[in-house]
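Q: Give me coordinates for this.
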Amino acid sequence: MTVEAEFIPVLEEASRIFKETEPQEDFTLLGFVERLNRPLGSEKGEVSIRAIIDEKPRTVHVELANPEYEVALQAHRDVRPISFVGELIKEGRSYQLKNPRHVRGLTVEEEE
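A: Numbering: from 1, shown residues only. Sure thing, here's the model as predicted:
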């Protein structure tokens, strides 16, 4: 099978889009808590993390339940970075980290 030259740019663009939207498993997210949102009485809340992804500052949305939400809350209060491991997904122009685990607020020694 031969692909005509005129179709090569179309295939390259399709490949780029596919790679861009493909989930990244076991992605380590390191950043600062930008926003916290947990409805009153709810077990879960959404945390927005400002991090560098693909060499650019991005906001990543992460849904957390207790006690992980409390870790994010304390990191925000202390203005300390926080780290997660999960599945990074790009949806349109936004990013989400699914199945977050190993949620930790970092100490001064770990930042260096």
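
Q: Which strand or helix spans residue 76?
A: helix 68-78 (DSSP states H and E).

Q: Residue 82 reaches residue 104, doesn't it?
A: Yes: using C-beta atoms under 8 Å, residue 82 makes contact with residue 104 at a distance of 6.9 Å. The way it works is simple: take the backbone N, C-alpha and C, and place the C-beta from them, glycine included.

Q: Show me what the helix holding residue 76 packs onto, helices and strands only.
A: strand 24-37, strand 44-53, strand 82-91, strand 94-105 (3 or more C-beta pairs under 8 Å, 6 or more residues apart in numbering; DSSP states H and E).

Q: So what's the residue count around residue 24?
A: Using other C-beta atoms under 10 Å, residue 24 has 15 other residues around it.

Q: so what's it up against?
A: For residue 24, the contacting residues are 87-89, by C-beta atoms under 8 Å, 6 or more residues apart in numbering.
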